[in-house]
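# Show me the folded form of this:
(4 chains)
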4 protein chains.
Amino acid sequence: MTLKGYTAPLSPDGRASIVPPPPWHYSGDFLIVEYRTDPDAVAALLPPELEPHDDDRAGMMAAIFADWQSCSDDGHELVDPIQSQYREFFLVVGATFQGQPVSRCVYIWVDKDFAMYRGWIQGFPKKLGSIHMTRTFPVGRAAPKVEPGARFGATCAANDRQVARAVVTLRGVSQTGPTVNDPPMHNTRHFPAYDGTRPDVFELVRSGGFDRHATEIWEGDAELRLYDDTLEDLAAIAPIEVGRGFRFSFGYTVHGGEVVAQHDREMPVR
Amino acid sequence: MTLKGYTAPLSPDGRASIVPPPPWHYSGDFLIVEYRTDPDAVAALLPPELEPHDDDRAGMMAAIFADWQSCSDDGHELVDPIQSQYREFFLVVGATFQGQPVSRCVYIWVDKDFAMYRGWIQGFPKKLGSIHMTRTFPVGRAAPKVEPGARFGATCAANDRQVARAVVTLRGVSQTGPTVNDPPMHNTRHFPAYDGTRPDVFELVRSGGFDRHATEIWEGDAELRLYDDTLEDLAAIAPIEVGRGFRFSFGYTVHGGEVVAQHDREMPVR
Amino acid sequence: MTLKGYTAPLSPDGRASIVPPPPWHYSGDFLIVEYRTDPDAVAALLPPELEPHDDDRAGMMAAIFADWQSCSDDGHELVDPIQSQYREFFLVVGATFQGQPVSRCVYIWVDKDFAMYRGWIQGFPKKLGSIHMTRTFPVGRAAPKVEPGARFGATCAANDRQVARAVVTLRGVSQTGPTVNDPPMHNTRHFPAYDGTRPDVFELVRSGGFDRHATEIWEGDAELRLYDDTLEDLAAIAPIEVGRGFRFSFGYTVHGGEVVAQHDREMPVR
Amino acid sequence: MTLKGYTAPLSPDGRASIVPPPPWHYSGDFLIVEYRTDPDAVAALLPPELEPHDDDRAGMMAAIFADWQSCSDDGHELVDPIQSQYREFFLVVGATFQGQPVSRCVYIWVDKDFAMYRGWIQGFPKKLGSIHMTRTFPVGRAAPKVEPGARFGATCAANDRQVARAVVTLRGVSQTGPTVNDPPMHNTRHFPAYDGTRPDVFELVRSGGFDRHATEIWEGDAELRLYDDTLEDLAAIAPIEVGRGFRFSFGYTVHGGEVVAQHDREMPVR
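You can find the predicted model right below:
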């Protein structure tokens, strides 16, 4: 076959693929708000291989905004920034797998096609959205510094519906960092069959990633609103109690990962 | 499992899926330009199961712009048009499969996420793009009528790079309609493995579709430009000779289809 | 001066202008919902030259979605449809001027720059938004026909905040057509001074337009929601009672108009 | 009058204005490429009040990409970043006014409506565009650091046509900084009349701005391409010789400015 590619579209030179082959390098800014919602709603979002927490972590979730730059190994995307920059918003729950704490992305929105499809490969069920996050700049009066009292906001909309809005007011350097999304991410990769509703790919995967580096993590007071007029049932996992907010920068590299279970493919569609 | 869905994201009520379960109904306007390019470049875009034409169809391609509205069986998307409307541009080649004429989509761009992912399920390797097509309106001086001399234009850009531009000047009702994209579409479904480069899904599929209805097809003179500064090698399949252009409306319904071959998964990435 | 242009940017050949010189031709589809709101809120949106209605028209407004194609006199924009197509949503109130009924656009959102700036020239205070409207197509099951029971929806969002959502269910041909927006539009043209808050242009203008043609107007039941989390105070003019909805196509030509009054430029900014 | 506002749309509370009243604060990142083009083409873009350079500055231009965050005096836009962030690309020429060196923005594209209209108030003839610029991040392998050899890219497209592409490879700290755009900006404010082609506002203005702060300016080798298939005649001012590139961050505050001349309003449209 003359066709090549890590993903479709396949082409003679392989470069038409929507996603280049791994490894993928990432650098980004994060704004995270932890919150407590109905533990039953969290449990209802877990596949049978994962157990909901039954301690004080029950019902805990993280709302995560990220402002990313990413590239493949030769870094060619960096000088054509439309190929490397994207922003995303995702909602993460905690659980256990085989007795160990894990995290899981239940909903996620992103603003570029390559990041959307790369997400599907990794078990992040990405839809398109519009995400904005306050930035810092070294000079001028139109940017917060990373200092006590600084306020960082973020919004997400999708399909012209508001999804989430958050504001974090920094108080100081965090001793703990965010905890909900800290354990290894255990997502579900899913790809439908061509015919019928039994998927061709339906598996639980553990996220990899190495060369992780983060700046100092700041934390503070947080406000968070999830909207209830979305295509997904976000009202079910709306905040009952909003916890701390966090801001930091983070970079890492991803190159594959481990499939830890096959889900039962006889799943109802509706 | 409490989770449901035709696609991810899975959810307790199943409605979070980026694509609802089939059948999917489609109504749209089409602008098509047929053209001849280098036959070797067409052959290089075929998987080994398909044979290039060796007669006067060799090197023939179709550049297709479509302005769609689609919905699932209950039609709920129609009153929230951001969920139902999208535009796309795609490039189609002709070939034979087991001696029968087929068509194949080699590149395609679309402007909505649900249509992008629904395309991947069907073997259309969709990227995001921005597509525009001249429309008709029943009144006013700012719209061509479907009549001799009327001019319809269309453009596609992706990643802020120009992809294609076409203009069709109608001359009369077509006796033949477009021919390159007429045979059954034989696309490749591809979904990467979580680890490594051997895909988990890599198969040749024949497109289904029924309840096909079209308006009268008009044809005329055509201009077509493919740009050479794109992420894909469109220069290789640029027009050598531009043929006729076509304009019409078309509607149909899709509900699954047939997998006709498994491709060899030991494929080079680059 | 070697520079030319109907608007800036000026250039030696004049073609760089964001808006070409009039006349401007328009063809479009309309979805209109009439509704009653607080008459005091309508009165508060009028300049002193206009009097609020004190009869059963008091508090009446129209929410108007339009899906346009427009061009200048040589029609060159039509074959490059990104230069000719746009959608907009606007809110219209009724009033009287010198004893005669008039209409006035109080808020408006549009999705293209040329239409935004052309609007400012005409006294439409356009912001950017994302607008979607259900379309008809001649074939396929993914489009309503213009017939009793057909449902047409429309949405507007701006700055990633929901602005409006409407659904109209057609019942039959309208005997009256929409009435709120029927009288001549009396908008305010405003352009700030370079320094200070006293505007350089601040005048009441009567909209022109000729060669008006409309298709048969259909009417029916309507739903309308204005959202309250917008940058403008839409809550003040939210629907108290929703009236009829209308759908039709309309075309006309605009070439200037009449300035009917100069507003008092000593106006508070906040 | 109950209506208030620095700009339209006017409203009872004044907050509906597309642009809030000054002062406006700005913080941003800049990527600048200086280049030489045809001096006659530069002269043809000047109003009669400005004289083209006749020394070695003749034909010099600057292509400027900026990634901004801005806010009004209370800073409320900063926690709703869609209201504060925007990117722009502009082309600047040098000239003299009354014997003193000045700069002038001849074309400019920006990606937000508030920034577009605020530009028109200041004599920047902004159109909408899509602009991307490589960013730095403190961690991760997907971002250049500000160091010798680091490469920063930027692109601009508008109306789905490519406008400009630049890459700057940093070599060291600049002793001079950019020079073309350094003198005070002298732009033209233009607002059409409601009827006819004689503008209501047509004046030469000197840009203000204070509390200027910049980071260390880095310079290096530059590549620059202006595309020739745009709505403006960029081919006329394409690079003949590409000079140095610069990267730095910059912040300042704007509050009005000075009108230095009235242009002759009897100007040809085409």
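# and chain A, which residues reach chain C?
Counting by CB under 8 Å from any CB of the partner chain, chain A comes close to chain C at A:130, A:132, A:155-157, A:160-162, A:229. Bear in mind the C-beta positions are built from the backbone N, C-alpha and C, glycine included.
# From these, pick the one nearest chain D.
When the residues of chain A next to chain C are compared for distance to chain D (CB to the nearest CB), A:H132 wins out at 4.1 Å.
# For beta bridges, what are the partners of the closest one?
Beta-bridge pairing for A:H132 (DSSP bridges): A:T155.
# what do you get for A:R151?
Assigned bridge partners for A:R151, using DSSP bridges, are A:T169.
# Could you check the pLDDT of it?
Looking at A:R151, its pLDDT is 98.
# I'd like the distance between it and chain C.
According to CB to the nearest CB, to the nearest Å, A:R151 stands 18 Å off from chain C.
# Just list the residues touching that residue, thanks.
A:134, A:144, A:167-170, D:78-79 (CB atoms under 8 Å, 6 or more residues apart in numbering or on different chains).
# can you list the residues of chain A next to chain C in CSV and add pLDDT?
Output for the residues of chain A next to chain C, formatted as CSV (pLDDT from 0 to 100):
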residue, pLDDT
A:S130, 98
A:H132, 98
A:T155, 98
A:C156, 98
A:A157, 98
A:D160, 98
A:R161, 98
A:Q162, 98
A:D229, 94
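# These into JSON lines, with extra columns for distance to D:E49 and neighbour count?
Formatted as JSON lines, the residues of chain A next to chain C follow (distance: CB to CB, whole Å; neighbours: other CB atoms under 10 Å in any protein chain shown):
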{"residue": "A:S130", "distance to D:E49": "43", "neighbour count": "21"}
{"residue": "A:H132", "distance to D:E49": "40", "neighbour count": "24"}
{"residue": "A:T155", "distance to D:E49": "44", "neighbour count": "27"}
{"residue": "A:C156", "distance to D:E49": "48", "neighbour count": "30"}
{"residue": "A:A157", "distance to D:E49": "45", "neighbour count": "25"}
{"residue": "A:D160", "distance to D:E49": "46", "neighbour count": "23"}
{"residue": "A:R161", "distance to D:E49": "50", "neighbour count": "23"}
{"residue": "A:Q162", "distance to D:E49": "48", "neighbour count": "21"}
{"residue": "A:D229", "distance to D:E49": "54", "neighbour count": "13"}
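# May I ask which two of those residues are separated the most?
A:H132 and A:D229 (19.1 Å; CB to CB).
# Next one: the residue nearest the centre of chain A from A:A158, what distance?
To find the centre residue of chain A, average its C-alpha atoms and take the closest one (CA atoms, centre = their mean): that gives A:F90, at 4.4 Å. Distance of A:F90 to A:A158, given as CB to CB, to the nearest Å: 12 Å.
# Quick one: neighbours of A:E258, just the number.
When neighbours are defined as other CB atoms under 10 Å in any protein chain shown, A:E258 has 12 of them.
# where do the helices sit along the stretch 51-200 of chain A?
Ranges of helices in the stretch 51-200 of chain A, per DSSP state H, counting those that start in this stretch, are A:113-121.
# At the contact with chain B, which residues of it appear?
Counting by CB under 8 Å from any CB, the positions of the stretch 51-200 of chain A adjacent to chain B are A:80, A:82-83, A:106-108, A:112-113, A:116-117, A:120-123, A:125, A:127-128, A:159-160, A:188-192, A:194-197, A:200.
# Buried among the residues you listed? Make that a ChimeraX selection.
In ChimeraX, this line selects whichever of those come out buried by 16 or more other CB atoms under 10 Å in any protein chain shown:
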select /A:80,82,83,106,107,108,112,113,116,117,120,121,122,123,125,127,128,159,160,188,189,190,191,192,194,197,200
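# show me where pLDDT drops low in the stretch 51-200 of chain A?
Within the stretch 51-200 of chain A, not a single segment meets pLDDT under 70.
# That one: strands as residue ranges?
A:60-72, A:85-97, A:100-110, A:126-128, A:130-133, A:151-158, A:161-173, A:186-191 (DSSP state E, counting those that start in this stretch).
# so what secondary structure elements neighbour the fifth one?
Going back to what we said before, that points to strand A:130-133. With contacts defined as 3 or more CB pairs under 8 Å, 6 or more residues apart in numbering or on different chains; DSSP states H and E, strand A:130-133 has these neighbours: strand A:60-72, strand A:85-97, strand A:151-158.
# one more time with 10 Å
In terms of contacts (3 or more CB pairs under 10 Å, 6 or more residues apart in numbering or on different chains; DSSP states H and E), strand A:130-133 is packed against strand A:24-36, strand A:60-72, strand A:85-97, strand A:100-110, strand A:151-158, strand A:161-173.
# Can you confirm whether the first one lies near chain B?
The reference is to strand A:24-36. No - remark: strand A:24-36 sits outside contact range of chain B, by CB under 10 Å from any CB of the partner chain, the gap being at least 12.4 Å.
# For that strand, list the C-alpha coordinates in PDB.
The C-alpha coordinates for strand A:24-36 follow below in PDB (Å, rounded to 0.1, in the frame of the first residue of the first chain):
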ATOM      1  CA  TRP A  24       3.200  14.600  21.500                       C
ATOM      2  CA  HIS A  25       4.700  17.400  23.700                       C
ATOM      3  CA  TYR A  26       2.500  19.700  25.600                       C
ATOM      4  CA  SER A  27       2.900  23.100  27.400                       C
ATOM      5  CA  GLY A  28       0.000  24.800  29.000                       C
ATOM      6  CA  ASP A  29      -1.700  27.000  31.600                       C
ATOM      7  CA  PHE A  30      -4.300  25.500  33.900                       C
ATOM      8  CA  LEU A  31      -7.200  26.900  35.900                       C
ATOM      9  CA  ILE A  32      -8.900  24.300  38.100                       C
ATOM     10  CA  VAL A  33     -11.900  24.500  40.400                       C
ATOM     11  CA  GLU A  34     -12.700  21.500  42.700                       C
ATOM     12  CA  TYR A  35     -16.200  21.000  43.800                       C
ATOM     13  CA  ARG A  36     -18.600  18.600  45.400                       C
END
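# just checking, next helix/strand downstream of it?
With elements assigned by DSSP states H and E, the helix or strand that comes after strand A:24-36 is helix A:39-43.
# buried set for that following helix?
In helix A:39-43, the ones that count as buried by 16+ other CB under 10 Å are A:39, A:41-43.
# Would you convert the contacts of A:R151 into CSV that also reports neighbour count?
Below are those laid out as CSV (neighbours: other CB atoms under 10 Å in any protein chain shown):
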residue, neighbour count
A:T134, 27
A:P144, 22
A:V167, 22
A:V168, 27
A:T169, 17
A:L170, 22
D:L78, 27
D:V79, 22
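# before we move on, back to that, surely the residue nearest to the centre of chain A touches A:V110?
Yes - A:F90 is in contact with A:V110 according to CB atoms under 10 Å; the separation is 8.5 Å.
# any common contacting residues for these two?
A:66, A:119, A:124, A:126, A:129, A:131, A:156 (CB atoms under 10 Å, 6 or more residues apart in numbering or on different chains).
# Tell me if I'm right that the fourth one and A:F90 touch.
In this case it means A:K126. Yes - using CB under 10 Å, A:K126 is in contact with A:F90, at 8.4 Å.
# closest point of the stretch 101-250 of chain A to chain D, which residue?
For the stretch 101-250 of chain A, CB to the nearest CB, closest residue to chain D: A:G140, 1.8 Å.
# Quick one, grab the pLDDT at the residue lying closest to that residue once chain neighbours are set aside.
Of all residues not flanking A:G140 in the chain, D:G251 sits nearest, at 1.8 Å (CB to CB, 6 or more residues apart in numbering or on different chains). For D:G251, the pLDDT comes out at 98.
# packing partners for the helix or strand D:G251 falls within?
Per DSSP H and E, D:G251 falls inside strand D:241-254. In this structure, strand D:241-254 makes packing contacts with strand D:24-36, strand D:60-72, strand D:151-158, strand D:161-173, strand D:210-214, strand D:218-226, judged by 3+ CB pairs under 10 Å, 6+ apart.
# out of those strands, nearest to A:A236?
That would be strand D:60-72 among the helices and strands packed on strand D:241-254, by CB to CB, at 34.8 Å.
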